[in-house]
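Novice: Following is a predicted model, sequence given first.
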Amino acid sequence: MWCLQFSADLKLPPNVLAQKWLPQQSLLVHPRVRVYFGHGGVNGLNEAVYFGVPVVGMPVWADGEDNVRRLVEKGCAVMVRKGDNADTLYNAVVRARDDPLYVQGAIGRFLPTAKRTSLWVFLFLFLSCHFLRTNTVNPHLNS
């Protein structure tokens, strides 16, 4: 899937879907998504990591280099450069897709934090969490 502004005469292979807008989070959470290819923007990278999807990053803007490099250091991304040839891009995607270390890097490093956060949100919102309330801060919440 490819999100881009394109003209009607653009010729794409039958296995490529091009749209002007795609719901990125809905795509990343889908179990058949194996790799996220992005420009190194912090939002897209955070979403990919949150959903445990390995990243192939091609830095484009000023912060992209640092953002992608940090994920490479954590073991959940492969960096490519603008101007790399097709073989380099292909090998990066295959490496991120097939090497279990990248999937484990994406899931293993960040999922525990997400699970802890989800647990606290669940406890607070759905179980009323009386033990989190204090008399001094919110006396009107005590029953």
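Specialist: Sure, I can see it.

Novice: List the buried residues for stretch 55-75?
Specialist: Neighbour counts over stretch 55-75 (16 or more other C-beta atoms under 10 Å) mark 55-59, 64, 67-68, 71, 75 as buried. Quick note: C-beta positions are derived from backbone N, CA and C, even for glycine.

Novice: For it, give the mean pLDDT please.
Specialist: Averaging pLDDT along stretch 55-75 yields 92.

Novice: Repeat that for stretch 82-91.
Specialist: In the prediction, stretch 82-91 has an average pLDDT of 96.

Novice: what's the nearest residue to Leu89 if we skip its chain neighbours?
Specialist: Val80 (5.8 Å; C-beta to C-beta, 6 or more residues apart in numbering).

Novice: Bridged to Phe37, which residues?
Specialist: In this structure, Phe37 bridges to Val56 when assessed by DSSP bridges.

Novice: Make 528 the starting number, not 1.
Specialist: That works, and once the first residue is 528, the last one we named lands at Phe564.

Novice: For Gly584, see how far away it is.
Specialist: Distance, Phe564 to Gly584, using C-beta to C-beta, to the nearest Å: 8 Å.

Novice: Looks like the residue nearest to Leu616 contacts Val587 (just checking).
Specialist: No. Counting by C-beta atoms under 8 Å, Val607 does not reach Val587; the two are 11.3 Å apart.
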